[in-house]
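[1] okay, structure incoming, though there's no sequence with it:
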């Protein structure tokens, strides 16, 4: 009987790990910055609001991350590593809007093919008169730094004698 309970608990833990991170925004904004999750699927529902997702963390699984969007006159900003690839083919559009990814489009035009081990972000779902903005490198770092979360992270890092990680989630903690 104990093995049945352990198996049920194990399945529950595995199911919880497979659950997507869900964000719902209605006429407001939400930011998830730094090392905030280790999920590989995200569901973003936004109506007349904005969402910032930081997907630069080394805690995120290698390979493909899936961001399922349901946007209605909303904006999602993705903070990505420099070499990440964004796949937007599975988005259903209505009204105006687009995915703004200057670096990714430039890499496509120049024929720069990324290695197989880079982070891939696949965008799915529907967007009605909304947009997705992709920020990479220094622009992503600045976007994270101009936030209340960064100020709180710097204060906490100062108290702990550590380094802040909101601006650069790949930064190794300070060795004591």
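    Nice, I can see it. This structure is a prediction, so every number in the text was calculated from the model and none was measured.

[2] so which helix or strand of the chain has the lowest pLDDT on average?
    Within the chain, no helix or strand scores below helix 2-18, which has a mean of 52 by mean pLDDT, DSSP states H and E.

[3] next helix or strand past it?
    Counting by DSSP states H and E, the next helix or strand C-terminal to helix 2-18 is strand 21-26.

[4] give the buried residues for that next one.
    Neighbour counts over strand 21-26 (16 or more other Cβ atoms under 10 Å) mark 21, 23, 25 as buried. Where you see a C-beta, it was placed from the backbone N, CA and C, and this is true even at glycine.

[5] next up, the contacts around the second one.
    Listed by Cβ atoms under 8 Å, 6 or more residues apart in numbering, the contact set of residue 23 reads 30, 32, 42-46, 51, 53.

[6] got these as JSON lines, with pLDDT columns?
    JSON lines is the format used below for these (pLDDT from 0 to 100):
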{"residue": "30", "pLDDT": "97"}
{"residue": "32", "pLDDT": "96"}
{"residue": "42", "pLDDT": "97"}
{"residue": "43", "pLDDT": "97"}
{"residue": "44", "pLDDT": "98"}
{"residue": "45", "pLDDT": "98"}
{"residue": "46", "pLDDT": "98"}
{"residue": "51", "pLDDT": "98"}
{"residue": "53", "pLDDT": "97"}
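
[7] for the residues you listed, which one is nearest residue 156?
    Nearest to residue 156 among the contacts of residue 23 is residue 32, at 16.9 Å by Cβ to Cβ.
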